[in-house]
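Enquirer: Predicted coordinates and the sequence they were generated for:
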Amino acid sequence: MDNDDLADIIVEIFDGFSVLDSSLGPIYIKHFHQLDTRKVLGKRKLYIAQAEERGLLTENSILKMLFKDDMWDDESEKKIQDKKKFIENLKKSLSKIVLPSKRKEHKKLIDLEISKLNTLSFEREKLIGLTAEKYAERKVNKDFFESLLYLDENFEVSPFDDLDYQDIETAKELADLEGQFFNRMSDGNISKAVLSPFFGPYLPYAEDVLNMFGEPLKNLTAFQLKMISYGRSFLNIFKNSQKEVPDHIAKDPDLLIDFYNSQKTENNTKNKGESDATTYFGANKSDIEQLKNEDQDTITLGDEIKKKGGSLNMKDMMDLHGL
């Protein structure tokens, strides 16, 4: 997304609605509130009960049948659960990795494991098929999205009111609009928009909800809550960063968070009484430039080994660290 697209996202979040083109004319998508969302999601139990009355089985019931018929087993189920725990632990360990290049490698590993989990889960989902829970989820999603779409800016006329069930093309078009809308208003895009030049004048006021929106917190839309949350987090980083934030990092949410986390890790190391000279094992030049403080001598181990003719003895290592 370019800066114009990011600026449009900010404007829409402030306005509380988005407008998309369709064959029906402009479609107004009202941004939802957290409290309203909870009311819609609260229907899930009711829809599960309705599904069971119509003969659909719950996921647990179907799994028991699959186990009984030897079409699925405990070992396969355990693989999925173990993979989920492994991915969760990988995500937790990411915060402890200092070097940006290693963090990047670690994120690739997480993505790879998620892909493996999806492959394992796909076979399971094929066997399970439509469950009472899935039926309820689809019904809730349908109710939720239909409550957002309108043909007028006053949010009074729904495009679904006169929609004929045989009008498959229009129904598909509206479903596609749903996908476009939520992809566009993703967490990733909102966080980038908060770091965009357009939001720059607003960022210093991210801690003052009333000044920003003129509304108390409980009246904000879900996207406004996300925008203010990202704004506060990034403002805190800019205020408390012990290093000057490079321009390319200041525009990228992931790089900015990594940049700040690396400082906290360095400070923890210093507080343990270690030398101001820090050796980063496996660091590349980009890592060193990002991690070093103005008052800290940063040592690339590979360079020091070359200087010593290809190897370092114990005394050399102690000298490097001022011991």
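Expert: Thanks, I have it.
Enquirer: Show me the longest helix that occurs in the chain.
Expert: Criterion DSSP state H: the longest helix present in the chain is helix 100-128.
Enquirer: Tell me which residues of that helix come out buried.
Expert: Pro100, Ser101, Lys102, Arg103, His106, Lys107, Glu113, Leu117, Leu120, Arg124, Ile128 (16 or more other C-beta atoms under 10 Å). For glycine as for every other residue, the C-beta is placed from the backbone atoms N, C-alpha and C.
Enquirer: Stretch 244-264 now?
Expert: Applying 16+ other C-beta under 10 Å to stretch 244-264 flags 245, 249-251, 253, 255-263 as buried.
Enquirer: swap in stretch 170-187?
Expert: By 16+ other C-beta under 10 Å, the buried positions in stretch 170-187 come out as Thr170, Leu174, Leu177, Glu178, Phe181, Arg184, Met185.
Enquirer: Just put those residues in JSON lines and tack on pLDDT and secondary structure.
Expert: Below are the buried residues of stretch 170-187 laid out as JSON lines (pLDDT from 0 to 100; DSSP: H, G, I helix; E, B strand; the rest coil):
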{"residue": "Thr170", "pLDDT": "88", "secondary structure": "helix"}
{"residue": "Leu174", "pLDDT": "90", "secondary structure": "helix"}
{"residue": "Leu177", "pLDDT": "91", "secondary structure": "helix"}
{"residue": "Glu178", "pLDDT": "88", "secondary structure": "helix"}
{"residue": "Phe181", "pLDDT": "94", "secondary structure": "helix"}
{"residue": "Arg184", "pLDDT": "95", "secondary structure": "helix"}
{"residue": "Met185", "pLDDT": "95", "secondary structure": "coil"}
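Enquirer: Nearest to Leu46 among the residues you listed?
Expert: Lowest distance from Leu46 to those (C-beta to C-beta) belongs to Glu178, with 22.5 Å.
Enquirer: now stretch 41-56: how far from the chain's centre is it?
Expert: Averaged C-alpha coordinates place stretch 41-56 at 30 Å from its chain's average position (C-alpha atoms, centre = their mean, to the nearest Å).
Enquirer: Show me where the stretch 1-150 of the chain has its strands.
Expert: 17-20, 27-30, 149-150 (DSSP state E, counting those that start in this stretch).
Enquirer: make that the stretch 151-300 of the chain, sorry
Expert: 278-279, 298-299.
Enquirer: circling back to that earlier point, by contact count, what packs against the longest helix of the chain?
Expert: Here helix 100-128 touches helix 59-68, helix 74-94, helix 253-271, helix 285-291, going by 3 or more C-beta pairs under 8 Å, 6 or more residues apart in numbering; DSSP states H and E.
Enquirer: switch the cut-off to 7 Å
Expert: If contacts are counted by 3 or more C-beta pairs under 7 Å, 6 or more residues apart in numbering; DSSP states H and E, helix 100-128 sits against helix 59-68, helix 74-94, helix 285-291.
Enquirer: And those: which comes nearest Phe145?
Expert: Evaluated with C-beta to C-beta, the helices and strands packed on helix 100-128 place helix 59-68 nearest to Phe145, the distance being 23.5 Å.
Enquirer: in the closest one, what's buried?
Expert: Those would be Ile62, Leu63, Leu66, for helix 59-68 by 16+ other C-beta under 10 Å.
Enquirer: need the contact list for the last one.
Expert: Spelled out, that is Leu66. Contact analysis of Leu66 by C-beta atoms under 7 Å, 6 or more residues apart in numbering lists Trp72, Leu127.
Enquirer: And it, how close does it get to Ile97?
Expert: 40 Å (C-beta to C-beta, to the nearest Å).
Enquirer: The longest helix of the chain to helix 74-94, inter-axis angle?
Expert: 160 degrees (axes from the mean of the first three to the mean of the last three C-alpha atoms, to 10 degrees).
Enquirer: Next, the angle helix 59-68 makes with helix 100-128.
Expert: Going by the same axes, to 10 degrees, helix 100-128 makes 80 degrees with helix 59-68.
Enquirer: Could you list the low-confidence segments of the stretch 51-200 of the chain?
Expert: Within the stretch 51-200 of the chain, the segments meeting pLDDT under 70 span 98, 165-166.
Enquirer: most tightly surrounded among the strands of the stretch 1-150 of the chain?
Expert: strand 149-150 (a mean of 20; mean count of other C-beta atoms under 10 Å).
Enquirer: Show me what that one is packed against.
Expert: Going by 3+ C-beta pairs under 7 Å, 6+ apart, strand 149-150 lies up against strand 27-30.
Enquirer: contacts for the strand it packs on?
Expert: Residues from elsewhere that reach strand 27-30 (C-beta under 7 Å, 6+ apart): 17-20, 148-153, 155, 159, 177, 181.
Enquirer: Direction included, what does that strand pair up with?
Expert: strand 17-20 (antiparallel), strand 149-150 (antiparallel) (DSSP bridges).
Enquirer: As CSV, the ones you listed with distance to Asn89 would be great.
Expert: Below are the strands paired with strand 27-30 laid out as CSV (distance: least, C-beta to C-beta, whole Å):
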stretch, distance to Asn89
strand 17-20, 38
strand 149-150, 41
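Enquirer: who's in contact with the residue lying closest to Lys83 once chain neighbours are set aside?
Expert: Closest residue to Lys83 apart from its sequence neighbours, by C-beta to C-beta, 6 or more residues apart in numbering: Leu117 at 4.6 Å. Residues near Leu117 by C-beta under 7 Å, 6+ apart: Ile80, Lys83, Lys84, Ile87.
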